[in-house]
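J.: pasting the sequence and the predicted model now:
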Amino acid sequence: MLVGIFSGNPGVAGAGLLAESEQNVFIPWKDITKLKVKAWRRFIMVKREWGYKPIGLYCTPENFPQVMEIFRYYAGDKLPR
């Protein structure tokens, strides 16, 4: 964003603002309404109630099992059956 401001390029500044807004997304465990898991891609989609942006988590082969255990512990009832 700062590069866009200092260079006088509003497009770059706008892109920086959008990127920054995506960095500060948080969903408390109790507010999770649905989880979608694509194990073959090591991807977890965390959804909140309607109107909020979901969070997509891409994991490495090494950390995916551990991440899934954390989700089972805190939000296991939201995992697909």
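T.: Received it, and whenever you're ready, just let me know what you need. Numbering: from 1, shown residues only.

J.: tell me the centre residue of the chain?
T.: I55 (2.6 Å; CA atoms, centre = their mean).

J.: which residues does that residue contact?
T.: Contacts for I55 were tallied using CB atoms under 8 Å, 6 or more residues apart in numbering; they are V25, I27, M45, V46. For the C-beta atoms, the positions are set from N, CA and C on the backbone; glycine is no exception.

J.: look up phi and psi at it.
T.: phi -110, psi 130 (degrees, to the nearest 10).

J.: quick one: pLDDT of it?
T.: Listed pLDDT for I55 reads 91.

J.: can you check P10 too?
T.: 55.

J.: same check on P28?
T.: pLDDT at P28 comes out at 92.

J.: before we move on, what about A13?
T.: Per-residue confidence at A13 stands at 53 (pLDDT).

J.: quick one: which of the contacts of I55 sit in strands?
T.: M45, V46 (DSSP state E).

J.: just give me the least confident of the contacts of I55.
T.: V25 (75).

J.: leaving out chain neighbours, which residue sits closest to it?
T.: I55 (5.5 Å; CB to CB, 6 or more residues apart in numbering).

J.: mind checking how far the one you found is from F43?
T.: To F43, I55 is 11 Å away according to CB to CB, to the nearest Å.

J.: same question for I27.
T.: 16 Å.

J.: so between the two, which is more surrounded?
T.: I27 (17 against 14; other CB atoms under 10 Å).

J.: now do the same contact list for that one.
T.: So I27 contacts V46, R48, Y52, I55 (CB under 8 Å, 6+ apart).

J.: repeat the analysis, applying 6 Å as the threshold.
T.: V46, R48 (CB atoms under 6 Å, 6 or more residues apart in numbering).

J.: one more: R48?
T.: I27, D31, T33.

J.: right, I'll call it a day here.
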